[in-house]
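**Student:** the following comprises the amino acid sequence and a computationally predicted model.
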Amino acid sequence: MTGECDDLSQSQNNLGRNLLVLLGIFLLMLVLNYLMPLHRDDYDYSLVWLTTEHVASVQDVFYSAYRHYMLHGGRMFTVLCLDFFLWWGKAAFDIANALMFTALVVLMYFHARRAVEWRQEPLMLAITGLLAWLSFPHFGEVAVWKSGSTVYLWSAVPAALFLLPYNITLAKDREVLGKWAVIPMFLLGIIAGWSVENLAVTVVALTAGISWYLRRQGKMAGWMPAGAFGALLGLIGLVGAPGNFVRYDDQGAGKGIFAHIGNQFAGNGEMLLYILPMVLLLLCAWRIFKLAIARQKGVKTEQGRMSFGWRQWLLLGLILLLVVSYFNGSFVAWTVRDILYAAVMVPLGLTKQKTIDHFDNLFKGFDEMAIYWLTIFFVYALVKKQLGLTTPVIKLLAEKVKAREVWQAFPAVRYAGCMLALALLNNFVMIAAPTFPARATFSSVAMIIIAAIAILREPLIRGYFAQHCHKVLTAGALGLALFTMSAAILVTYTMRQENDARLAIVQEAAQKGEPIAYMEPIAMQNRALRHVFFADFDNGVTKDGLCKFYGIKDIQVNTDK
């Protein structure tokens, strides 16, 4: 009886910790959403599509979405959500968007665990949230900015929810939903399929494949093909929109197959930069799996040990200097910039104003990127040492343990491998698109996060990390989290102030009936590792939407030096 009471008490404690983790994630996202103003396409979607009429009723929401479907693109579900919340009000959107991100973290964790159970692992839930924060490409654009988040974040949540019963059924080898689920899964399938193009194709292929596989096993339930059929209908609605052909003619005309292949390298390459922390974690985990198998074979390796010499202290000091610089005008970045300008650019004659502007833009994010990259590799080097993964040991493991042995020995490795392959296939679908921006890898990164959490949950991996390097990993994770989160809030707050000041100029011009609003450029250029998304008012998309929204003809930003 005492043991049962202790288990119940521990379960309740973990439930409370999970709720605290989710509350922290929600509050962070709520603050960022509150500080993020309407921006760029938000003004266009606040109007009935391609008109100057403001969305003022539910009827306007549906009419605007219909016009968008016919004239621009097929993402009907996300456009309806965007138009509705823009009409309802920014505060409602801020809360809904924060809830959506929190829900996606929970769903990714469920997929990693392959069960709807989360009472026992608050740490894993927190790691899921941190990996999502660090790894999603162009975070401010796809998870905070309203027009971007509804496309990517709000598509991923129903898709992840829809796929969860299929995943759990495969894991449990038994039906997890009853006959009642046929219609709900069919309807949810339509929403999941009517999402964003590459994710929709993946959802249809995955659910159809799982349904076919389980039918061959004699275990297919009625909701499985119903959901797959609903997803197929959603995909047809998505890609069959007349507006898609209009947009493709504008963006894709004249582009050959080599341009599409080049897009794959660019999109996947940029994604790799964002998921670097997960790549290094998975690399360490892979070597731990090999190490365990090698020791079962009687292979002896040296124990890891902490080695913190002058090089490590020097690197740590450089990271701290860069942090101080970042929050005090980025003096390190501009010092490096001035030295390179005097020593390299002037002797080479690269002094044209346009060249200098590009050179300056390169250094506007220098401090934050240097802090991020140096911290990641600093922590990785220490973790390798503490795990005993020296170069001779790594070579020995490559000789003594084959990849096939790891694949066969650990189910978590097989599951993670399938998720990684699915992520790459999800990206490959974009070969049919005229462009492949990094933000389109959002759903693929979600799959990679699921793979990483599935591996980190493995008892062997958790045990090794807890025994050998949990202090280093904890310090590194907290350092990156505190720096990036505080930077994102600070930069977003500053950007909001600058935006409000210039928006007041636009509003004043509109009230006075003046056709043109004049203003100075926004000085703040930092993007906090792309956790902030913003462009000045002279940007074409921003300017056109603002002018139509406020009824003026032009916005002119003084760019004279």
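**Tutor:** Now that the structure is in, tell me what you want to look at. Since the structure is predicted, the reported quantities are computational estimates derived from the model, not experimental observations.
**Student:** look up how far Tyr45 lies from the closest residue to Val61 other than its chain neighbours.
**Tutor:** Nearest residue to Val61, sequence neighbours excluded (Cβ to Cβ, 6 or more residues apart in numbering): Asp83, at 4.5 Å. (Each C-beta comes from the backbone N, C-alpha and C, glycine too.) Using Cβ to Cβ, to the nearest Å, one obtains 6 Å as the distance from Asp83 to Tyr45.
**Student:** cool, Ile319 as well?
**Tutor:** On the measure of Cβ to Cβ, Ile319 and Tyr45 end up 41 Å apart.
**Student:** what's the answer for Gly16, then?
**Tutor:** For Gly16, the distance to Tyr45 - Cβ to Cβ - is 40 Å.
**Student:** hmm, back to that, quick one: which of Ile319 and Tyr45 has more around it?
**Tutor:** Neighbour count, other Cβ atoms under 10 Å: between Ile319 and Tyr45, Tyr45 has more, with 24 against 17.
**Student:** that one against Phe85, yeah?
**Tutor:** No. Tyr45 is beyond contact range of Phe85, at 9.8 Å (criterion: Cβ atoms under 8 Å).
**Student:** and the strands in the protein, which stretches?
**Tutor:** 516-519, 554-557 (DSSP state E).
**Student:** now mean pLDDT and mean neighbour count too, for these, in CSV please.
**Tutor:** Putting the strands of the chain into CSV (pLDDT from 0 to 100; neighbours: other Cβ atoms under 10 Å) gives the following:
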stretch, mean pLDDT, mean neighbour count
strand 516-519, 94, 17
strand 554-557, 92, 16
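**Student:** now render those strands as TSV, adding distance to Ala56.
**Tutor:** Output for these, formatted as TSV (distance: least, Cβ to Cβ, whole Å):
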stretch	distance to Ala56
strand 516-519	24
strand 554-557	24
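**Student:** which of those sits closest to Glu141?
**Tutor:** strand 554-557 (21.4 Å; Cβ to Cβ).
**Student:** paired strands for the closest one, with orientation please.
**Tutor:** Sheet pairing of strand 554-557 (DSSP bridges) gives strand 516-519 (parallel).
**Student:** okay, now the closest residue to Ala477 other than its chain neighbours: neighbour count?
**Tutor:** Leaving aside its sequence neighbours, Ala477 sits nearest to Leu130 (Cβ to Cβ, 6+ apart; 6.0 Å). The number of residues packed near Leu130 is 20, by other Cβ under 10 Å.
**Student:** quick one: Ala92 from Leu30, how far?
**Tutor:** Counting by Cβ to Cβ - Ala92 and Leu30 are separated by 12 Å.
**Student:** no no, Leu281
**Tutor:** Distance from Leu281 to Leu30, counting by Cβ to Cβ: 28 Å.
**Student:** which one of these two has more residues nearby?
**Tutor:** Leu281 (22 against 17).
**Student:** name the single longest helix found in this structure.
**Tutor:** When the chain is parsed with DSSP state H, its longest helix is helix 470-512.
**Student:** and that helix, how far from the chain's centre?
**Tutor:** The chain centroid and the centroid of helix 470-512 are separated by 18 Å, computed with Cα atoms, centre = their mean, to the nearest Å.
**Student:** before we move on, what about stretch 45-61?
**Tutor:** Centroid separation for stretch 45-61 versus its chain: 29 Å, with Cα atoms, centre = their mean.
**Student:** how about stretch 57-77?
**Tutor:** The answer for stretch 57-77 is 26 Å, by Cα atoms, centre = their mean.
**Student:** contacting residues around it?
**Tutor:** With Cβ atoms under 8 Å, 6 or more residues apart in numbering as the test, stretch 57-77 has contacts from 45, 47-51, 53-55, 79-80, 83-84, 87, 151, 154-155, 158, 191, 194-196, 237-244, 246-247.
**Student:** in that stretch, which residues are buried?
**Tutor:** For stretch 57-77, the neighbour count (16 or more other Cβ atoms under 10 Å) marks 60-61, 63-65, 67-69, 72-77 as buried.
**Student:** with pLDDT and distance to Leu134 added, can I get those residues in JSON lines?
**Tutor:** As requested, the buried residues of stretch 57-77 are exported to JSON lines (pLDDT from 0 to 100; distance: Cβ to Cβ, whole Å):
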{"residue": "Asp60", "pLDDT": "97", "distance to Leu134": "39"}
{"residue": "Val61", "pLDDT": "97", "distance to Leu134": "35"}
{"residue": "Tyr63", "pLDDT": "97", "distance to Leu134": "40"}
{"residue": "Ser64", "pLDDT": "96", "distance to Leu134": "35"}
{"residue": "Ala65", "pLDDT": "95", "distance to Leu134": "34"}
{"residue": "Arg67", "pLDDT": "95", "distance to Leu134": "38"}
{"residue": "His68", "pLDDT": "94", "distance to Leu134": "33"}
{"residue": "Tyr69", "pLDDT": "94", "distance to Leu134": "35"}
{"residue": "His72", "pLDDT": "90", "distance to Leu134": "32"}
{"residue": "Gly73", "pLDDT": "89", "distance to Leu134": "30"}
{"residue": "Gly74", "pLDDT": "92", "distance to Leu134": "31"}
{"residue": "Arg75", "pLDDT": "92", "distance to Leu134": "27"}
{"residue": "Met76", "pLDDT": "91", "distance to Leu134": "32"}
{"residue": "Phe77", "pLDDT": "92", "distance to Leu134": "28"}
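**Student:** quick check: the two most widely separated of these?
**Tutor:** Largest pairwise distance in those, by Cβ to Cβ, is 20.0 Å, between Asp60 and Gly74.
**Student:** quickly list what's touching both of Tyr45 and Phe85.
**Tutor:** Shared contacts of Tyr45 and Phe85, defined by Cβ under 8 Å, 6+ apart, comprise Lys146.
**Student:** contact partners for the residue nearest to Ala477?
**Tutor:** 477, 480-481.
**Student:** most surrounded residue in the residues you listed?
**Tutor:** Counting neighbours by other Cβ under 10 Å, the top entry in those is Leu480, with 20 neighbours.
**Student:** which residue is the nearest non-sequential neighbour of it?
**Tutor:** Nearest to Leu480 is Thr375, by Cβ to Cβ, 6+ apart, at 5.8 Å.
**Student:** and that neighbour, what does it touch?
**Tutor:** With contact set as Cβ under 8 Å, 6+ apart, Thr375 has these partners: 319, 476, 479-480, 483.
**Student:** surely Arg530 meets His138?
**Tutor:** Yes. Assessed by Cβ under 8 Å, Arg530 is found in contact with His138 at 4.8 Å.
**Student:** who's more crowded, those two?
**Tutor:** Taking neighbours as other Cβ under 10 Å, Arg530 and His138 compare with His138 leading, 23 against 20.
**Student:** so how far is Asn244 from the more buried one?
**Tutor:** His138 is 23 Å from Asn244, by Cβ to Cβ.
**Student:** repeat that for Val491.
**Tutor:** Remark: distance between Val491 and Asn244 (Cβ to Cβ) = 35 Å.
**Student:** more neighbours: which of the two?
**Tutor:** Under the neighbour definition other Cβ under 10 Å, Val491 and Asn244 were set side by side, and Val491 has more, 23 against 17.
**Student:** neighbours of Met495, how many?
**Tutor:** 24.
**Student:** so who does it touch?
**Tutor:** By Cβ under 8 Å, 6+ apart, the residues touching Met495 are 35, 522, 524, 532, 534.
**Student:** one more pass at 6 Å, please.
**Tutor:** For Met495, the contact set (Cβ atoms under 6 Å, 6 or more residues apart in numbering) comprises 524, 534.
**Student:** quick one, which of the contacts of stretch 57-77 are buried?
**Tutor:** With burial judged by 16+ other Cβ under 10 Å, the buried subset of the contacts of stretch 57-77 is 45, 47-49, 55, 79-80, 83-84, 87, 151, 154-155, 158, 191, 194-196, 237-239, 241, 243-244.
**Student:** so of those residues, which ones are in helices?
**Tutor:** 45, 79-80, 83-84, 87, 151, 154-155, 158, 191, 237-239, 243-244.
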